[in-house]
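Novice: Need coordinates for the below:
(one chain, ligands or ions: 2)
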Amino acid sequence: MLRINWIDINNTNGIENLSLEFNNGINLICGENGIGKTTILDCIASSFNRHNKNVRTNVNSSHDGNWGISYSKNESNIHEIFSLSDLETVDNYQYNRKFRFENRIKSKELINFSINRTSLTNIFYGNQLDYIQSWMLENYYKDNNLSNKKFYNLKIAQECFTRLDSRIKFSKVTERVLETNKGTRRILADIYLETPNGEIPFNFLSSGYRSCLLILLGIIRQTEVTSGFRDVHLFEGVILIDELDLHLHPEWQAKLIEILKWLVPRAQVIATTHSPHIIQTAKQNEVIALSFLNNKNKMNSENAFMDSKYDFQGWTIEEILKDVMGMESSYSKNFSCILKEFDKAVSDFDIEKIKILYKNIDEMLHPHNHLRKILKIQITSLLEVYDD
Ligand SMILES: Nc1ncnc2c1ncn2[C@@H]1O[C@H](COP(=O)(O)OP(=O)(O)OP(=O)(O)O)[C@@H](O)[C@H]1O
Ligand SMILES: [Mg+2]
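Specialist: Ligands and ions are numbered 1, 2, ... in the order given. The predicted structure is shown next:
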């Protein structure tokens with residue numbers, strides 16, 4: 001069993017100094033673009049696979065970047081410190097078998113779904129889809145001696161399709177031979193699903209549906225590879241997922257968390273997200289909200305998080321955006337400016353301007369927005385004062 005307890009990052013990528021604690025179940029890291037969410041995952045991943053190249057010393061720092069990490073492994077607590085200069089040295093030893101062996105052992109219980117927006121070589125595109133489909137075909141349908149555990153995982157993999165969308169059911173995996181121009185042959189696999197529109201290949205489903213499934217099937221595949229075909233429900237390692245909500249419709253974002261809890265109930269999940277919809281269904285102790293404070297990255301744990309037994313269930317998306325995710329306002333910049341002008345006109349008693357701005361606001365607001373009523377009351381009381 002592997003658990004990450006805490007991490008303390010210094011001068012690494014954009015992070016000057018940041019300490020975070022993690023709980024044993026789901027951890028959702030949120031915060032604005034560039035605050036360092038991916039860097040946190042990269043530091044964790046680099047602690048277990050030293051060939052990860054995504055972490056560098058902060059350009060403003062005169063010291064090498066470093067981080068301390070505390071993790072529990074098979075009942076013992078381990079505390080390690082990594083310096084980026086040491087990691088570079090280890091990279092130079094890439095042909096040293098001892099290091100490579102050590103890396104493989106250490107990363108066995110860690111699954112990393114990272115995103116690289118600048119290239120298309122991430123889990124959601126191209127080859128990875130072929131890879132997962134071929135794995136289904138090879139592992140399950142061409143294995144004549146299917147072990148109990150593999151059979152059990154096959155059933156779980158099939159159930160994932162329906163858990164995500166109750167109208168969709170796994171149908172079959174078929175083999176397809178691809179003849180290339182150079183005369184070589186490649187065997188590809190196609191998963192077929194029964195849908196309300198008939199039996200269609202997995203490739204034809206929406207990108208949101210596919211990316212959810214690629215995470216779920218990717219976890220099953222990875223636990224089989226690293227944990228010796230153990231039942232995926234028993235996986236007790238750590239799963240890192242960058243941008244959990246990428247490509248997903250809000251309804252599926254919340255579902256994905258539920259399905260993850262069902263798929264790997266014993267795993268620790270550390271994920272980054274930009275989605276208030278995911279936060280809305282999360283428990284308060286599952287959310288790690290980062291915000292910039294005094295030019296440094298600091299954890300924002302006490303910010304507006306009341307101790308509520310109902311977590312964020314009664315919070316609107318707007319309130320989550322503002323008080324958890326640190327967004328100043330969910331109104332557009334243009335609208336926020338007009339509101340500010342309106343406030344100024346009110347304090348200046350500039351009745352003509354108030355009337356013009358109110359008309360403007362009235363036209364811009366959602367038809368049922370309560371702000372209209374509030375502003376109207378404000379104007380009426382102002383006119384009463386004015387008339388007096
Ligand atoms: N070596 C470095 N020195 C200083 N700043 C760096 C360095 N490398 C990256 N950064 C900064 O770190 C930030 C990127 O951090 P990271 O990718 O972890 O953010 P993020 O929270 O994941 O953002 P997003 O939400 O856009 O994915 C950028 O603002 C970048 O300018
Ligand atoms: Mg990121």
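Novice: what's the neighbour count on the residue in the stretch 101-250 of the chain that ligand 1 sits nearest to?
Specialist: When scored by Cβ to the nearest ligand atom, the stretch 101-250 of the chain has residue 243 as its residue closest to ligand 1, at 6.6 Å. C-beta: built from backbone N, CA, C; applies to glycine. By other Cβ atoms under 10 Å, 22 other residues sit near residue 243.
Novice: Tell me both backbone torsions, phi and psi, for it.
Specialist: phi 60, psi 70 (degrees, to the nearest 10).
Novice: so who does whichever residue of the chain sits closest to ligand 1 touch?
Specialist: At 2.5 Å from ligand 1, residue 14 is the closest residue in the chain, using Cβ to the nearest ligand atom. The neighbourhood of residue 14, defined by Cβ atoms under 8 Å, 6 or more residues apart in numbering, consists of 34-36, 39, 58, 297.
Novice: picking up where we left off before, the residue of the stretch 101-250 of the chain closest to ligand 1 is in contact with residue 256, isn't it?
Specialist: No - using Cβ atoms under 8 Å, residue 243 makes no contact with residue 256, being 11.8 Å away.
Novice: can you tell me the helix or strand for the residue of the stretch 1-150 of the chain at minimum distance from ligand 2?
Specialist: Distances between the stretch 1-150 of the chain and ligand 2 by Cβ to the ion are smallest at residue 38, namely 3.2 Å. Assigned by DSSP states H and E, residue 38 belongs to helix 37-48.
Novice: is ligand 1 contacted by whichever helix or strand comes after that helix?
Specialist: Remark: after helix 37-48, the chain's next helix or strand is strand 66-73, criterion DSSP H and E. No - for strand 66-73, no contact with ligand 1 is found by Cβ under 6 Å from any ligand atom; the gap never falls below 13.0 Å.
Novice: what's strand 66-73 in contact with?
Specialist: Residues from elsewhere that reach strand 66-73, judged by Cβ under 8 Å, 6+ apart: 1-12, 43-44, 47, 77-84, 109.
Novice: contacts for the helix holding residue 38?
Specialist: 4, 7, 9, 12-15, 18, 20, 29-31, 52, 54-55, 67, 69, 71, 80, 82, 87, 103, 106-107, 110, 112, 114-115, 238, 240, 242, 270, 272, 290.
Novice: how long is stretch 155-174 end to end?
Specialist: End-to-end distance for stretch 155-174, by Cα to Cα, to the nearest Å: 17 Å.
Novice: sorry, that was for stretch 139-151
Specialist: Stretch 139-151: ends 10 Å apart by Cα to Cα.
Novice: Please identify the buried residues of it?
Specialist: By 16 or more other Cβ atoms under 10 Å, the buried positions in stretch 139-151 come out as 139-140, 149.
Novice: avg pLDDT for that stretch?
Specialist: Stretch 139-151 shows a mean pLDDT of 75.
Novice: Phi and psi next, for the residue of the stretch 251-388 of the chain found nearest ligand 2.
Specialist: Residue of the stretch 251-388 of the chain nearest ligand 2, by Cβ to the ion: residue 272 (5.9 Å). Main-chain torsions, residue 272, degrees, to the nearest 10: phi -110, psi 150.
Novice: what about the residue of the stretch 1-150 of the chain closest to ligand 2, how many neighbours?
Specialist: 21.
Novice: now swap in residue 194 and tell me
Specialist: Residue 194, neighbours per other Cβ under 10 Å, totals 16.
Novice: Let me see the contact set for it.
Specialist: 168-171.
Novice: and it, helix, strand or coil?
Specialist: When classified by DSSP: H, G, I helix; E, B strand; the rest coil, residue 194 comes out as strand.
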